[in-house]
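Q: Need the 3D shape of this:
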Amino acid sequence: MAVVIRLTRRGAKKKPFYRIVAMDSRNPRDGEYLENVGTYDPLKSADNIKVDAEKAMAWIKKGAKPSKTVASLFKKAGVGQ
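A: So this is what the prediction gives:
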């Protein structure tokens, strides 16, 4: 099983809200996930990324690969530095 840390979409039409989750790469975008790692709200201007750094680093140490978008969000949030 290949684990990926990626975004899953929540929220209403034209009001997106994302969860950062660890999930099997074969699952669909909004499918079943293993663990919720954080949240991302693109509509807020400040403090829009909330990540549990310990959970994120634990999954990365287990071999999970963050997606390109999640990797950039981790960089902005200061996770893994």
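Q: Break down the protein into its strands, ranges please.
A: Ranges of strands in the chain, per DSSP state E, are 3-12, 15-24, 35-40, 49-51, 65-66.
Q: what's the average pLDDT for the fourth one?
A: It stands for strand 49-51. Mean per-residue pLDDT for strand 49-51: 93.
Q: gap between it and the chain center?
A: Counting by Cα atoms, centre = their mean, to the nearest Å, strand 49-51 is centred 9 Å from the centre of its parent chain.
Q: Any stretches of this protein with poor pLDDT?
A: Within the chain, the stretches with pLDDT under 70 are 81.
Q: Just want the most central residue of it.
A: Ile20 (2.1 Å; Cα atoms, centre = their mean).
Q: Would you format the strands of the chain as a markdown table with distance to Ser72 included?
A: Where you see a C-beta, it was placed from the backbone N, CA and C, and this is true even at glycine. Formatted as a markdown table, those follow (distance: least, Cβ to Cβ, whole Å):
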| stretch | distance to Ser72 |
| --- | --- |
| strand 3-12 | 11 |
| strand 15-24 | 12 |
| strand 35-40 | 11 |
| strand 49-51 | 10 |
| strand 65-66 | 9 |
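Q: residues near Tyr33, how many?
A: Neighbours of Tyr33 under the rule other Cβ atoms under 10 Å: 18.
Q: That one and Lys44, how far apart?
A: From Tyr33 across to Lys44, the span is 23 Å (Cβ to Cβ, to the nearest Å).
Q: In contact with Lys65, which residues?
A: Ala2, Val3, Val4, Ile5 (Cβ atoms under 8 Å, 6 or more residues apart in numbering).
Q: Max pairwise distance over these: which two?
A: Comparing all pairs in the contacts of Lys65 by Cβ to Cβ, the longest separation belongs to Ala2 and Ile5, at 11.4 Å.
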